[in-house]
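no sequence for this one, just the structure:
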């Protein structure tokens with residue numbers, strides 16, 4: 001095998017480090033940015049050359065189908081989709097589109113989340129849920145009194161602490177600057193999932 005050029009060696013090193021560190025291969029765009037390449041096309045040329053040299057394996061049709069030969073993703077990582085936003089404040093419109101996928105340490109959550117939502121607002125700060133956090137959500141239409149839930153109210157999503165009363169359901173903020181949301185009988189309301197942990201990116 002011919003020796004690698006410095007640029008090609010840097011590409012291979014970046015791919016190996018990304019898989020070892022995050023359990024997730026990089027995309028061509030991420031390779032281009034990290035290695036100072038002009039475009040995805042330039043990154044593709046280096047990736048194809050590394051594949052022909054037997055140093056990486058490619059899976060056709062996958063944006064992250066690049067893996068160093070013989071190297072497996074870490075088994076202790078969860079791959080969790082980020083699906084959009086949830087309000088910690090006044091409810092905001094639901095955005096269920098796939099934003100990204102994150103590989104995370106499985107020990108961060110109990111139980112394992114089905115998806116992540118990015119928090120907007122500060123109504124849950126006393127529960128340690130801050131603006132910009134990614135909250136893990138386990139899909140469920142049922143929740144116990146006192147659990148933190150992601151709820152849909154009149155077609156919009158919010159994250160609050162659930163309180164079931166005899167007359168009405170209340171969604172309680174964890175910031176004294178906000179008033180509870182009172183769900184009246186017949187109002188459009190559903191529990192979408194239960195909070196099971198969060199990720200705070202520095």
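That came through fine. Computed from a prediction, not measured in an experiment: that's the story for all the values here.

got the end-to-end distance for stretch 103-117?
14 Å (C-alpha to C-alpha, to the nearest Å).

ok now that stretch, how far from the chain's centre?
Put simply, stretch 103-117 sits 9 Å off its chain's centre (C-alpha atoms, centre = their mean, to the nearest Å).

quick one: buried residues of it?
Using 16 or more other C-beta atoms under 10 Å as the test for burial, stretch 103-117 gives 103-104, 109, 113, 115-117. Placement of C-beta: from N, CA and C, glycine included.

ok, residues contacting it?
22-24, 73-74, 76-86, 102, 134-139, 150, 157, 159, 193, 196-197, 199 (C-beta atoms under 8 Å, 6 or more residues apart in numbering).

take these and keep only those in strands.
Of the positions in these, 77-86, 102, 134-139, 150, 157, 159, 193, 196-197, 199 sit in strands, assigned by DSSP state E.

out of those residues, which are buried?
78, 80, 82-86, 102, 134-138, 150, 157, 159, 193, 196-197, 199.

any idea how far residue 64 is from residue 35?
According to C-beta to C-beta, to the nearest Å, residue 35 stands 16 Å off from residue 64.

cool, and residue 37?
To residue 64, residue 37 is 17 Å away according to C-beta to C-beta.

who has more neighbours, the two?
residue 37 (20 against 17; other C-beta atoms under 10 Å).

spit out the contact partners of the closest residue in space to that one that isn't next to it in sequence.
Excluding the flanking residues, the one nearest residue 37 by C-beta to C-beta, 6 or more residues apart in numbering is residue 43, at 5.0 Å. Going by C-beta under 8 Å, 6+ apart, residue 43 touches 11, 28-29, 31-32, 35, 37.

angles on the backbone of residue 43, please.
phi -60, psi -40 (degrees, to the nearest 10).

residue 9 too?
According to degrees, to the nearest 10, residue 9 has phi -60, psi -40.

re the thing from before, most surrounded residue in the contacts of residue 43?
In terms of neighbour count, residue 11 stands highest of those at 28 neighbours, by other C-beta under 10 Å.

three-state assignment of that one?
helix (DSSP: H, G, I helix; E, B strand; the rest coil).

was I right about it contacting residue 47?
Yes: using C-beta atoms under 8 Å, residue 11 makes contact with residue 47 at a distance of 7.0 Å.

shared neighbours of the two, anything?
residue 31.

where along this protein do the helices fall?
6-22, 28-34, 40-52 (DSSP state H).
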